[in-house]
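*Asks:* Starting from these lines, generate the structure:
(one chain, ligands or ions: 1)
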Amino acid sequence: MKKVRKAVIPAAGLGTRFLPATKAMAKEMMPVVDTPSIQYVVEEAIKSGIEEILIVTGKGKNAIEDHFDANITLENNLREKGKDKLLQTVVSTNIPQIHYVRQAYPSGLGDAILQAAPFVGDEPFVVLLGDDVMPNEVPLTKQLIDVYEQYGKGSVATIRIPKESANRYGIIDVDGELAENLHLIKHLVEKPMPQDAPSNLGVVGRYLLTPEIFDILRRQEPDAGNEVQLTDALETLNQTAPLIAYEYTGKRYDVGDKYGMLVANIEFGLEHKETAEKMNHFIIELANKLKEK
Ligand code: UTP
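*Replies:* All right, here's what the predicted structure looks like:
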């Protein structure tokens, strides 16, 4: 069995849910407190033992490359001023094992992943979406790698969702249980109406895939919106190389969405040593004011 060494992070979407902020800025660079959301997923990949990362970028995404590259002027300035702690923080985001490829048109998540075919070659790999920040003692990516090493199967990460939100997720039609939190998949259904959803297991942004996915993506017709959907390709892959739906039970912040981003900023702000005390105070005062209303 080949070791899982590579990760793909698609980041070429238009981020329309954050307009106008994303008119001239990559949504993946939007911060949770002081850290761009894409940095959390890069750190998760590295913590999970991933050795090489490919970020799929596109027009207007140059700040992502700059963020993970050295900034000599800034480093010299911080060094001269003796701001050693900040210098350390800045240098720790220079990550040479990140590679880049561009997706010419935002033609869907499936098409973005297809751009990674030459990078991935003939190896199993993980896909991480920056929209999902999922802090956990054992990173979710590592959990998927452990499942692959034990069962030799690819997987999609899922969470239990409120059924009324089914039309925002790929939903699993379950075909039985392999072990605790490991569900066999009959079908993957893209964004069904809540009444048609076959379960409340919704796919979130971590996948462990095998390279057969690329041939499927190459052959797949775009949908009505002219996008190549990953869920459709996973449905095809599952027929010949069954996937596991891994049920993740840890924390998740959907930072690809305004509300999720606000919640993440509040909760991380309550933990951050520079803001925790003030934030706590502010939230309690605000809650009291709201109660009086
Ligand atoms: P989303 O649908 O959440 O991202 O895709 P989006 O299209 O950027 O955002 P909205 O919905 O318009 O606000 C999930 C992930 O897939 C990437 C996105 O960058 C995001 O990380 N993606 C999506 C691509 O890389 N290329 C695409 O063509 C579409």
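*Asks:* So which elements touch the helix ranked longest in the chain?
*Replies:* Counting by DSSP state H, the longest helix found in the chain is helix 276-292. Using 3 or more C-beta pairs under 8 Å, 6 or more residues apart in numbering; DSSP states H and E as the contact test, the elements touching helix 276-292 are helix 258-271. Every C-beta, even on glycine, is put in place using the N, C-alpha and C of the backbone.
*Asks:* buried stuff in the helix it packs on?
*Replies:* If you call a residue buried by 16 or more other C-beta atoms under 10 Å, then helix 258-271 has these buried ones: Gly260, Met261, Ala264, Asn265, Glu267, Phe268, Gly269, Leu270.
*Asks:* again, but for stretch 279-288
*Replies:* Those would be Met279, for stretch 279-288 by 16+ other C-beta under 10 Å.
*Asks:* Relative to the whole chain's centre, how far out is that stretch?
*Replies:* A distance of 31 Å separates the centroid of the chain from that of stretch 279-288, by C-alpha atoms, centre = their mean, to the nearest Å.
*Asks:* got it, and stretch 278-291?
*Replies:* Worked out by C-alpha atoms, centre = their mean, stretch 278-291 lies 31 Å from the chain centre.
*Asks:* okay, the residue lying closest to Thr236 once chain neighbours are set aside: pLDDT?
*Replies:* Spatial nearest neighbour of Thr236, chain neighbours left out: Ile216 (4.8 Å); criterion: C-beta to C-beta, 6 or more residues apart in numbering. Here, the pLDDT recorded for Ile216 equals 97.
*Asks:* before we move on, what about the one 3 residues further on?
*Replies:* The confidence metric pLDDT takes the value 95 at Arg219.
*Asks:* Quick check: phi and psi at it.
*Replies:* Torsion angles at Arg219 (phi, psi; degrees, to the nearest 10) stand at phi -80, psi -20.
*Asks:* how deep is it tucked in, by neighbour count?
*Replies:* Other residues near Arg219 come to 9 when the count uses other C-beta atoms under 10 Å.
*Asks:* Repeat that for Asp131.
*Replies:* 24.
*Asks:* how near is it to the ligand?
*Replies:* As judged by C-beta to the nearest ligand atom, to the nearest Å, Asp131 and the ligand stand 5 Å apart.
*Asks:* Using the three-state scheme, assign the nearest residue to that residue once chain neighbours are set aside.
*Replies:* Nearest in space to Asp131, with sequence neighbours left out and distances taken as C-beta to C-beta, 6+ apart, is Gly256 at 3.0 Å. Secondary structure for Gly256, judged by DSSP: H, G, I helix; E, B strand; the rest coil, is coil.
*Asks:* how many neighbours does Gly256 have?
*Replies:* Per other C-beta under 10 Å, the neighbour tally for Gly256 reads 21.
*Asks:* Then Lys83?
*Replies:* Neighbour tally, Lys83, other C-beta under 10 Å: 13.
*Asks:* and if you look at Gly205?
*Replies:* The tally of other residues near Gly205 (other C-beta under 10 Å) stands at 22.
*Asks:* And for Phe119?
*Replies:* 18.
*Asks:* Next SSE downstream of the helix or strand containing it?
*Replies:* Element membership of Phe119 [criterion: DSSP states H and E] is helix 117-120. Using DSSP H and E, the helix or strand that follows helix 117-120 in sequence is strand 125-128.
*Asks:* Spell out which residues of the stretch 51-200 of the chain are next to the ligand.
*Replies:* With C-beta under 6 Å from any ligand atom as the criterion, the stretch 51-200 of the chain comes near the ligand at residues Val56, Gln103, Pro106, Ser107, Gly108, Leu109, Asp111, Ala112, Leu129, Gly130, Asp131.
*Asks:* okay if I get these as a markdown table plus secondary structure?
*Replies:* Output for those, formatted as a markdown table (three-state DSSP):
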| residue | secondary structure |
| --- | --- |
| Val56 | strand |
| Gln103 | coil |
| Pro106 | coil |
| Ser107 | coil |
| Gly108 | coil |
| Leu109 | helix |
| Asp111 | helix |
| Ala112 | helix |
| Leu129 | coil |
| Gly130 | coil |
| Asp131 | coil |
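*Asks:* Phe68 contacts Ile95, correct?
*Replies:* Yes: in terms of C-beta atoms under 8 Å, Phe68 counts as a neighbour of Ile95; the distance is 4.7 Å.
*Asks:* Compare these two (neighbour count), which wins?
*Replies:* Phe68 (19 against 15).
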